[in-house]
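[1] how would this look folded up:
(one chain, ligands or ions: 1)
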Amino acid sequence: MVTVNVSATGKPIALARGLPMVVELPGKQLEDATIGDVKSAIAKKYPKFHLDRQKITLKDSKNLLTDDVTLKDAGVVEGGELSVKDLGAQVSWKTVFLVEYAGPMLIHPAIYYFPEIFYGGPVQHSMLQRYVLTFVMLHFAKRELETLFVHRFSHATMPFKNIFKNSAHYHLGSGLALAYSIYSPVYGATSPYIRGTARNNPMYIQAGAAIWLFSEISNLITHIKLRTLRPAGSRKRAIPQGYGFNLVSFPNYFFEFLGWLVIAALTGSYAAWIFLAVSTSQMYVWAVKKHRAYRKEFGSEYPRDRKAMFPFLA
Ligand SMILES: NC(=O)c1ccc[n+]([C@@H]2O[C@H](COP(=O)([O-])OP(=O)(O)OC[C@H]3O[C@@H](n4cnc5c(N)ncnc54)[C@H](OP(=O)(O)O)[C@@H]3O)[C@@H](O)[C@H]2O)c1
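    Residues are numbered from 1 along each chain as shown. Below you'll find the model as predicted:
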């Protein structure tokens, strides 16, 4: 049997007022008892303090110990000390993604099909506007399906408040701002900004559509490749290879950038350029951070000349 002492970090935890507690794990040794086992024992005593809310660390440390780490690997000795923190109400990553992407899928058709409400009169839609509506709907439908059937997340949940912050990026940026800008009369069939210009030229629009389609299919392929690296139910992380991964660590972000670049370039809309700039900066920051983590985790095994997000550049 293994015994460890668990106390609350900082202020008392409302859902587990009886802490500190002694966790006993019968039939286990330090070599096979995991942090997940400790969490289960805490949740057994305090049923409202779900596993997902618990952040376990070594005493006086802030570094999270993941569920699959054994007590031995964590550096805990028999009768040793662990701390637990309440992360607050949690929501699944899947739910957050599904809610994020649902926003633009409701907002775009609403503004496109009910122009009287938003612009005070009808809009004779141009070919460009029809294409943008199709791009946006297909993109977010793809993301919803990928969330349900392709992605294998390593974290089950995130703090509930994140759903508002994350959704704002999509609901306001690629939803409200983009739709309100692009379905406005300025981009309509009779507008001087469109009529007689390249923005009404089927060749120009279809060339953009071809690049957009390439970006979306490529983004899907990279997501499928990432899925194949991780056995179902695991958190395994391996070095991705092929289809853009030999050039950059995050070709999925690069193809996402390319898809939104097409929409910004075709329309010239400020809202589209701003969304592109904000989302690309965000993806680039993540790519650089995760690229460094790859190098740290895989060391000399990780291909040296691979960039983070932009082939040959950065
Ligand atoms: N337009 C925008 O503003 C914007 C911003 C961000 C993302 N996106 C889109 O959303 C997509 C997903 O974003 P993300 O940040 O979740 O991408 P990501 O970090 O590349 O991860 C994609 C999926 O693959 C898993 N994964 C990543 N690296 C892995 C590896 N080495 N081995 C095994 N599995 C691995 C991830 O799991 P874990 O990370 O959970 O381990 C996740 O489930 C992007 O590709 C992009 O299309 C759009």
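
[2] for the rest of this, base every contact and every neighbour count on C-alpha atoms.
    OK.

[3] helix or strand with the lowest mean pLDDT in the chain?
    strand 157-159 (a mean of 90; mean pLDDT, DSSP states H and E).

[4] parallel or antiparallel, which strands does that one pair with?
    Under the criterion DSSP bridges, strand 157-159 sits next to strand 90-92 (antiparallel) in its sheet.

[5] is any part of the strand it pairs with close to the ligand?
    No - Strand 90-92 is not in contact with the ligand by Cα under 6 Å from any ligand atom; minimum separation 11.5 Å.

[6] circling back: now do the least confident helix or strand of the chain: distance to the chain's middle.
    What separates the centre of strand 157-159 from the centre of its chain is 12 Å, taken as Cα atoms, centre = their mean, to the nearest Å.

[7] quick check: mean pLDDT of stretch 48-57?
    For stretch 48-57, mean pLDDT is 94.

[8] I'd like the next helix or strand past the least confident helix or strand of the chain.
    Counting by DSSP states H and E, the element after strand 157-159 in chain order, helix or strand, is helix 162-168.

[9] okay, now Glu116: neighbour count?
    For Glu116, the neighbour count with other Cα atoms under 10 Å is 12.

[10] one more: Ala168?
    Under the neighbour criterion other Cα under 10 Å, Ala168 is assigned a count of 16.

[11] tell me which residues touch it, please.
    Residues near Ala168 by Cα atoms under 8 Å, 6 or more residues apart in numbering: Glu100.

[12] against Tyr131, how distant is Ser191?
    Ser191 is 17 Å from Tyr131, where distance means Cα to Cα, to the nearest Å.

[13] any idea how far stretch 77-91 is from the chain center?
    Here stretch 77-91 is found 25 Å from its chain centre; the criterion is Cα atoms, centre = their mean.

[14] buried ones in it?
    By 16 or more other Cα atoms under 10 Å, the buried positions in stretch 77-91 come out as 80-86, 88, 90-91.

[15] just these: which are in strands?
    81-86, 90-91 (DSSP state E).

[16] quick revisit: which residues are contacting the least confident helix or strand of the chain?
    Strand 157-159 is contacted from outside by 52, 87-93, using Cα under 8 Å, 6+ apart.

[17] now do stretch 59-67
    With contact meaning Cα under 8 Å, 6+ apart, stretch 59-67 is reached by 34-37, 55-58, 74, 81-83.

[18] over to stretch 20-34?
    Taking Cα under 8 Å, 6+ apart as the rule, stretch 20-34 contacts 1-8, 37-38, 41-42, 67-73, 76-78.

[19] ok, and the most crowded of the contacts of stretch 59-67?
    With neighbours taken as other Cα under 10 Å, the top of the contacts of stretch 59-67 is Ile56, carrying 27 neighbours.

[20] hmm, back to that, which parts of the least confident helix or strand of the chain are buried?
    Neighbour-count burial for strand 157-159 [16+ other Cα under 10 Å]: 157-158.

[21] can I get the CA coordinates of stretch 282-290 in CSV?
    What follows is stretch 282-290, C-alpha atoms only, in CSV (Å, rounded to 0.1, in the frame of the first residue of the first chain):
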residue,chain,number,x,y,z
GLN,A,282,-2.1,34.0,-32.5
MET,A,283,-1.3,30.9,-34.5
TYR,A,284,2.3,32.0,-35.0
VAL,A,285,2.8,32.6,-31.2
TRP,A,286,1.5,29.1,-30.5
ALA,A,287,3.6,27.6,-33.3
VAL,A,288,6.8,29.1,-32.0
LYS,A,289,6.0,28.0,-28.4
LYS,A,290,5.1,24.4,-29.4
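
[22] can you mark which positions in that stretch are buried?
    Using 16+ other Cα under 10 Å as the test for burial, stretch 282-290 gives 283-284, 286-288.

[23] need the max-distance pair from these.
    Largest separation among the buried residues of stretch 282-290 by Cα to Cα: Met283 and Val288, giving 8.6 Å.

[24] not counting its neighbours along the chain, what's nearest the residue nearest to the spatial centre of the chain?
    Nearest residue to the geometric centre of the chain (Cα atoms, centre = their mean): Phe97, 6.9 Å. Take Phe97 and drop its neighbours on the chain: the residue closest to it by Cα to Cα, 6 or more residues apart in numbering is Thr147, 6.8 Å away.

[25] part of a helix, is the one you found?
    Yes - looking at Thr147 with DSSP: H, G, I helix; E, B strand; the rest coil, it is inside a helix.

[26] how many residues are close by it?
    Residues near Thr147, counting by other Cα under 10 Å, number 19.

[27] you'd agree it is up against Glu100?
    No - judged on Cα atoms under 8 Å, Thr147 makes no contact with Glu100 at a distance of 11.0 Å.

[28] mind checking how far Gln241 is from Asn219?
    Here Gln241 is placed at a distance of 14 Å from Asn219 (Cα to Cα).
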